[in-house]
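What follows is a protein structure lacking sequence information:
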């Protein structure tokens, strides 16, 4: 026998379902992602949203173990029947490298702890479009073996069949771990290949920074085509806005290239520079007054990674050496990477010196051998130098110090009676203490006199320009913090175009008020 349901039951079920749906729709916290499936290396944006008057998000540092790369917060207010509610959204960006489940998060809203739902993200391996596809992106290396620091050309070729719709093309900027990258052409080279594809070629130079089998991951391009909007005749029904440009939008999809692998050999003997270079050095003078600088200029030019040439820092006896930071410049010529290296070293001798040869070692790209080039030695004559003290003594006439004769009434073995020694010590102690007390009393009562200005302070104030002040202070490098600070600012003004102002009065006072005035030797 069938049971007949009362019509009122359906009504009650409908009311219950309505309230369940209403409660679900009114949930005050949500979590959503911008894309449930991404290619490896693409970021995911997680948005946590909460509605209420007092909202507290969890303090997150990572999402499922992946660090948060950026975060942002937005707030909005709504007023319904005089009641104000606040909605806060927190956007978190992370980049997963595998399939991941985003866990539920606890968000406190108006004192209640509420929970979001878990979310799933699939990470796909990017694949290049196959031969015959309407659009393709190919990566080509000019060679598959290279040395550390050796430039290797990489061509990224976008290919499209004639007649395929294309309204915009954006090539992602290549960023590879363990490589330094330099773009060769500002505008892509255009052409047509043997298969009838129209091509655009973007070219780069790669410089491997370590050895081993290095994988270059796929590069992607954002390909945009215009799609129509379903808006009738157009925006505002105006014939002007019926134009396809205003009645459509660009829709993008990613087009991936193939990956590539480069086998990189280490340079021998721990070298870091690869190429073909010339070395030149010169000094601005061969005769100089004592404690005045001689400037040694080093110039290196050629094909290769000039950015990796190390700074020259020579060590010399009888001279103060101030090595400026080098300046490098690079340029592309006939698809090859050239550059220049320039460094100025200030040397301040206090007597005649020889600037020793400096060595520059690199791995020659032509001969595949280690090459060492040297700067020539430079003889510097110093006028007004203090004479060098003699340290030689005649072996035939050794210096002999005569022993003091024993005092009268002293014991035969030369020792002093212990009572006599105690008396001498006590008397000396009392006499010394009385002397120190009298000196302290005299200093306290003596009127203080202003310190006379030292010759160095006068020369600092009288320096006509930054160059003259720099040359004046350079021999004092390392003797006082104020000197080092002034030299650093002056060096930036003279060699790097800075505009630092040197307070000469403060500098002179600092040198005079320290542990005694600082002067030239």
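Yes, it's here. No experiment lies behind these values; they were computed from the predicted model shown.

Going by C-alpha atoms from here, please, whenever you check contacts or count neighbours.
Will do.

Where does the record place the domain boundaries for this protein?
Domain assignment of the chain by automatic domain parsing yields the ranges 11-124, 135-265, 274-383, 455-513.

for the stretch 351-500 of the chain, what spans make up the helices?
Assigned by DSSP state H, counting those that start in this stretch, the helices in the stretch 351-500 of the chain fall at 418-445, 455-462, 466-473, 481-496.

Measure how far stretch 199-216 is from the centre of its chain, please.
22 Å (CA atoms, centre = their mean, to the nearest Å).

Buried residues of stretch 194-202, list them for me.
Going by neighbour count (16 or more other CA atoms under 10 Å), the buried part of stretch 194-202 is 197, 198, 199, 200, 201, 202.

on that earlier part again, save the domains of the chain as TSV, and put in mean pLDDT too.
Shown next, in TSV, are the domains of the chain (pLDDT from 0 to 100):
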stretch	mean pLDDT
domain 11-124	84
domain 135-265	87
domain 274-383	93
domain 455-513	81
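
What's the local residue count around residue 341?
Per other CA atoms under 10 Å, the neighbour tally for residue 341 reads 21.

Pretty sure it sits against residue 327.
Yes. Counting by CA atoms under 8 Å, residue 341 touches residue 327, with 5.9 Å between them.

rewinding a little: any chance of the buried residues of stretch 194-202 in CSV with distance to residue 377 as columns?
Converted to CSV, the buried residues of stretch 194-202 look like this (distance: CA to CA, whole Å):
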residue, distance to residue 377
197, 61
198, 59
199, 56
200, 53
201, 49
202, 47
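
partners of the top strand by length along the chain in the sheet?
Within the chain, and with DSSP state E defining each element, the longest strand by residue count is strand 336-349. The pairing partners recorded for strand 336-349 under DSSP bridges are strand 294-304 (antiparallel), strand 319-323 (antiparallel), strand 327-333 (antiparallel).

what's the closest of the ones you listed to residue 187?
Residue 187 sits nearest to strand 327-333 of all those, at 14.2 Å, using CA to CA.

Okay, and the beta partners of residue 337?
Per DSSP bridges, the residues bridged to residue 337 are residue 332.

For it, which residues are in contact?
Listed by CA atoms under 8 Å, 6 or more residues apart in numbering, the contact set of residue 337 reads 151, 303, 304, 305, 330, 331.

show me the contacts for residue 302.
Counting by CA under 8 Å, 6+ apart, residue 302 makes contact with 275, 276, 277, 278, 338, 339, 340.

how about 6 Å then?
276, 277, 338, 339 (CA atoms under 6 Å, 6 or more residues apart in numbering).

Just give the nearest non-adjacent residue to the last one, would you?
Closest residue in space to residue 339, ignoring its immediate chain neighbours: residue 330 at 4.0 Å, by CA to CA, 6 or more residues apart in numbering.

any idea how far that neighbour is from residue 42?
With distances taken as CA to CA, to the nearest Å, residue 330 is found 33 Å from residue 42.

Neighbour count for the two, which is higher?
It is residue 330, of residue 330 and residue 42, that has more neighbours when counted by other CA under 10 Å, with 17 against 13.

Quick check: the more buried one touching residue 341?
No. Counting by CA atoms under 6 Å, residue 330 sits too far from residue 341 to count as a contact (9.0 Å).

ok, the residue lying closest to residue 103 once chain neighbours are set aside - how many residues close by?
Closest residue in space to residue 103, ignoring its immediate chain neighbours: residue 118 at 4.7 Å, by CA to CA, 6+ apart. Residue 118 has 12 neighbouring residues, counting by other CA under 10 Å.

Next: residue 61.
Neighbour count for residue 61, taken as other CA under 10 Å: 12.

Look up phi and psi at it.
Taking degrees, to the nearest 10, you get phi -110, psi -20 for the backbone angles of residue 61.

Roughly how far does it sit from residue 70?
10 Å.

Tell me where the stretch 1-150 of the chain has helices.
7-25.

ok, residue 160 - contacts?
By CA under 6 Å, 6+ apart, the neighbours of residue 160 are 134, 135, 197, 198.

go with 10 Å
Residue 160 makes contact with 132-137, 166, 192, 196-200 under the criterion CA atoms under 10 Å, 6 or more residues apart in numbering.

Show me those that map onto strands.
135, 136, 137, 192, 198, 199, 200.

which two of those residues lie the greatest distance from each other?
Pairwise distances across the ones in strands among the contacts of residue 160 peak at 14.2 Å for 137 and 192 (criterion: CA to CA).

just checking, residue 106 touches residue 55?
No. Taking contacts as CA atoms under 10 Å, residue 106 lies outside contact range of residue 55: 11.1 Å.

Show me which of the two is the more surrounded one.
Taking neighbours as other CA under 10 Å, residue 106 and residue 55 compare with residue 55 leading, 19 against 16.

Report the separation between residue 301 and residue 42.
For residue 301, the distance to residue 42 - CA to CA - is 41 Å.

likewise residue 326?
According to CA to CA, residue 326 stands 39 Å off from residue 42.

Over to residue 296?
As defined by CA to CA, residue 296 lies at a distance of 51 Å from residue 42.

Same check on residue 69?
For residue 69, the distance to residue 42 - CA to CA - is 12 Å.

Now do the shared contacts for the two.
Contact criterion CA under 10 Å, 6+ apart; residues shared by residue 69 and residue 42: 94, 95.

And the strands in the stretch 201-350 of the chain?
Ranges of strands within the stretch 201-350 of the chain are 212-216, 220-228, 248-256, 260-265, 274-283, 287-289, 294-304, 319-323, 327-333, 336-349, based on DSSP state E, counting those that start in this stretch.

Dump those strands into TSV; add distance to residue 113 as well.
Output for these, formatted as TSV (distance: least, CA to CA, whole Å):
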stretch	distance to residue 113
strand 212-216	46
strand 220-228	42
strand 248-256	40
strand 260-265	50
strand 274-283	62
strand 287-289	81
strand 294-304	61
strand 319-323	63
strand 327-333	59
strand 336-349	61
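
ok, back up a step: what do residue 61 and residue 70 both touch?
Taking CA under 10 Å, 6+ apart as the criterion, residue 61 and residue 70 both touch residue 92.

list the contacts for residue 85?
51, 52, 53, 54, 76, 77, 78, 79.

Now list the buried members of those residues.
The buried subset of the contacts of residue 85 (16+ other CA under 10 Å) comprises 51, 52.

Which of the contacts of residue 85 fall within strands?
Using DSSP E, 51, 52, 76, 77, 78, 79 are the members of those that sit in strands.

Relative to residue 187, which of these is nearest.
residue 76 (44.1 Å).
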